[in-house]
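Enquirer: Have a look at this prediction, sequence included:
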Amino acid sequence: MTETPGGNAHDTDADRRTREWAVAADGARWSLADAFDAPGTYMEGNSLGPVSDAAAEAVEALLAEWRELGVAGWSESDWFDYGERLGSRVAPMVGAREDEVVLANSTTVNLHTLVGTFLRESSGSKVLVNELDFPSDHYAVRARLRERGLDPEADLVQVASRDGRTIDAADVAAALDAHPEVGVVLMPSVLYRSGQLLDVAAIAEAAHEHDAVVGFDCAHSVGVVPHELADHGVDFAVWCSYKYLNGGPGAVAGLYVHRRHHGTMPSLSGWWGHEKATQFEMNERFTPAADAGAWQIGTPPLLAMAPLRGVLDLLDERGVTVADLRERSLALTDYLFELADARLPETEVATPRAPAERGGHVALAHPEAYGVSEALAERDVVVDYRPPDVVRLCPGPTHVGFADCWDAVDAIREVLDTGAHEAYGEPGGGVT
């Protein structure tokens with residue numbers, strides 16, 4: 001259960017901006033406070049969530065099964081439908097029915113197979129994206145366009161941003177009006193740089209009004225923003241499990257396919273997407289599973305899936321829902337806004353303030369953002385830099401407290417006051 005502190009009715013703004021207030025706020029016990037082990041002041045759960053004992057124990061349990069059962073684990077344990085089982089547990093987080101979700105592949109591989117599937121099925125020849133997308137989405141779409149003999153420049157339509165930070169749903173609709181050849185719309189649920197939460201329902205409605213299939217990359221929302229994908233009529237979606245779901249580095253991704261598309265032949269077929277009842281008959285012809293499982297490709301890497309199982313078990317045991325995580329996330333990001341406004345006038349909050357318009361992280365813009373991020377790393381404050389000018393701070397709701405938010409902002413203040421960020425040049429091409 002979530003306990004979000006409301007503070008004392010007599011608290012002033014000045015009170016709330018002290019570390020003492022933040023520590024007291026954390027005293028309102030959050031049920032996951034002891035469950036995760038993160039290095040330093042860890043404000044990067046939107047890039048990689050921290051480890052938990054529950055995740056580690058799930059891996060150990062799987063290793064023990066492997067040791068005891070060997071290959072018999074595929075028949076005597078639950079390995080054979082592991083992806084479907086996990087999918088049924090994640091489905092409520094995204095507002096889907098159990099047979100519409102499966103854990104499989106990586107996010108980019110899922111984009112390849114789903115965009116390829118629906119581009120083939122569509123009467124349109126163009127794909128609509130936006131200029132602020134995560135680059136891998138464009139790489140995958142361009143590859144699918146080339147594979148179909150289409151032009152990855154002329155047939156990739158990009159919605160422009162009005163301010164360089166956000167995308168307006170009205171502009172998506174206008175692009176559909178201007179390009180009736182669009183057959184597939186692919187948008188993020190949350191923009192990876194600014195943290196804007198897009199209007200999924202409005203975009204889905206606009207796409208369907210133009211007879212286009214619509215999909216979403218939900219990498220920056222699953223686990224921190226409740227979705228209603230099925231009710232909104234979204235055709236497909238993809239996401240990763242290593243951010244807010246804390247499934248570990250390289251964790252297997254998730255995908256959603258609306259029931260109306262079940263039975264469609266995937267563009268990338270592999271034996272793990274075959275109907276389960278006849279999979280081991282080793283037929284020459286591929287018969288797709290009758291649910292989202294058809295978009296699985298190869299044998300699932302169970303050791304990259306077990307940590308997520310452990311985390312889902314933990315959430316169930318502690319009675320924490322995605323709605324609880326969202327409530328806590330909003331409280332923490334509100335606090336970051338308040339502190340940044342009061343203490344960091346040199347920075348610009350690049351994330352929309354309205355709860356309905358933001359995901360789980362806060363983007364602070366500064367001309368020397370790279371140097372700021374590097375100087376923070378020297379102080380054990382873990383953030384990341386995204387070009388050209390953004391420092392992202394993510395108060396992951398499973399493991400971050402109000403005092404962590406205060407410490408992160410205080411460290412930024414100290415970096416700017418001392419000029420520590422000026423010691424760093426331009427990014428050198430490594431991981432940021």
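Expert: Thanks, I have the structure now.

Enquirer: contacts, neighbours, all on C-alpha from now
Expert: Fine.

Enquirer: what's next to stretch 150-162, contact-wise?
Expert: Stretch 150-162 has contacts (C-alpha atoms under 8 Å, 6 or more residues apart in numbering) with 125-132, 141-143, 145-146, 167-168, 171-172, 175.

Enquirer: what does stretch 399-417 contact?
Expert: So stretch 399-417 is in contact with 17-19, 22-23, 25-26, 32-33, 35-36, 38, 41-43, 332, 335-336, 339-340, 343-344, 372, 375-376, 379, 381, 395, 421, going by C-alpha under 8 Å, 6+ apart.

Enquirer: Among these, which lie within helices?
Expert: In helices, judged by DSSP state H, the following of the contacts of stretch 399-417 are found: 19, 22-23, 25-26, 332, 335-336, 339-340, 343, 372, 375-376.

Enquirer: Show me how this protein divides into domains.
Expert: What the record gives for the chain is the domain set 13-51+319-423, 80-299, from automatic domain parsing.

Enquirer: Narrow the contacts of stretch 399-417 to just the buried residues.
Expert: Burial by neighbour count, 16 or more other C-alpha atoms under 10 Å: within the contacts of stretch 399-417 this picks out 17, 19, 22, 25-26, 32, 35-36, 38, 41-43, 332, 335-336, 339-340, 344, 372, 375-376, 381, 395, 421.

Enquirer: Let me know the secondary structure of residue 391.
Expert: strand (DSSP: H, G, I helix; E, B strand; the rest coil).

Enquirer: so who does it touch?
Expert: Residues in contact with residue 391 (C-alpha under 8 Å, 6+ apart) are 363-366, 369-370, 372-373, 383-385.

Enquirer: run the last query once more with 6 Å
Expert: 363-364, 369, 384-385 (C-alpha atoms under 6 Å, 6 or more residues apart in numbering).

Enquirer: Roughly how far does it sit from residue 150?
Expert: 37 Å (C-alpha to C-alpha, to the nearest Å).

Enquirer: Please pull out the lowest mean pLDDT helix or strand from this protein.
Expert: Using mean pLDDT, DSSP states H and E, helix 13-16 stands out as the lowest-scoring helix or strand of the chain, at a mean of 85.

Enquirer: now it: how far from the chain's centre is it?
Expert: On the basis of C-alpha atoms, centre = their mean, to the nearest Å, helix 13-16 sits 33 Å off its chain's mean C-alpha point.

Enquirer: which of the residues in it are buried?
Expert: residue 16.

Enquirer: again, but for stretch 354-366
Expert: Judged by neighbour count using 16+ other C-alpha under 10 Å, the buried positions of stretch 354-366 are 355, 358-366.

Enquirer: could the residues you listed go into TSV alongside distance to residue 201 and secondary structure?
Expert: Rendered in TSV, the data for those read as follows (distance: C-alpha to C-alpha, whole Å; DSSP: H, G, I helix; E, B strand; the rest coil):
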residue	distance to residue 201	secondary structure
355	16	helix
358	15	strand
359	15	coil
360	19	coil
361	21	coil
362	23	strand
363	24	strand
364	28	strand
365	29	strand
366	33	coil
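
Enquirer: nearest to residue 64, of those residues?
Expert: Within the buried residues of stretch 354-366, distances to residue 64 taken as C-alpha to C-alpha reach their minimum at residue 360, with 35.8 Å.

Enquirer: can you tell me how far the closest one sits from residue 319?
Expert: Summarising the geometry, the distance separating residue 360 from residue 319, computed by C-alpha to C-alpha, is 21 Å.

Enquirer: just to revisit the earlier point, any quick PyMOL command for the buried ones out of the contacts of stretch 150-162?
Expert: Selecting in PyMOL just the buried members of the contacts of stretch 150-162, where the criterion is 16+ other C-alpha under 10 Å, is done with this command:
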select buried, resi 125+126+127+128+129+130+132+141+142+143+145+167+168+171+172+175
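
Enquirer: out of the contacts of stretch 150-162, which are inside helices?
Expert: Among the contacts of stretch 150-162, the ones falling in helices (DSSP H) are 141-143, 145-146, 171-172, 175.

Enquirer: Helices of the stretch 201-350 of the chain, residue ranges please.
Expert: Counting by DSSP state H, counting those that start in this stretch, one finds helices in the stretch 201-350 of the chain at the ranges 306-318, 322-343.

Enquirer: Export those helices to a markdown table and append columns for mean pLDDT and distance to residue 288.
Expert: Below are the helices of the stretch 201-350 of the chain laid out as a markdown table (pLDDT from 0 to 100; distance: least, C-alpha to C-alpha, whole Å):
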| stretch | mean pLDDT | distance to residue 288 |
| --- | --- | --- |
| helix 306-318 | 98 | 25 |
| helix 322-343 | 98 | 31 |
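
Enquirer: can the ones you listed go into a markdown table with extra columns for distance to residue 256?
Expert: Formatted as a markdown table, the entries for the helices of the stretch 201-350 of the chain read as follows, by distance: least, C-alpha to C-alpha, whole Å:
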| stretch | distance to residue 256 |
| --- | --- |
| helix 306-318 | 17 |
| helix 322-343 | 17 |
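
Enquirer: Out of these, which gets nearest to residue 216?
Expert: Closest to residue 216 of these is helix 322-343 (C-alpha to C-alpha; 18.6 Å).

Enquirer: tell me which residues in the closest one are buried?
Expert: Neighbour-count burial for helix 322-343 flags 322-337, 339-340 (criterion: 16+ other C-alpha under 10 Å).

Enquirer: And for residue 316, the neighbour number?
Expert: The burial metric for residue 316, expressed as a neighbour count using other C-alpha atoms under 10 Å, is 12.
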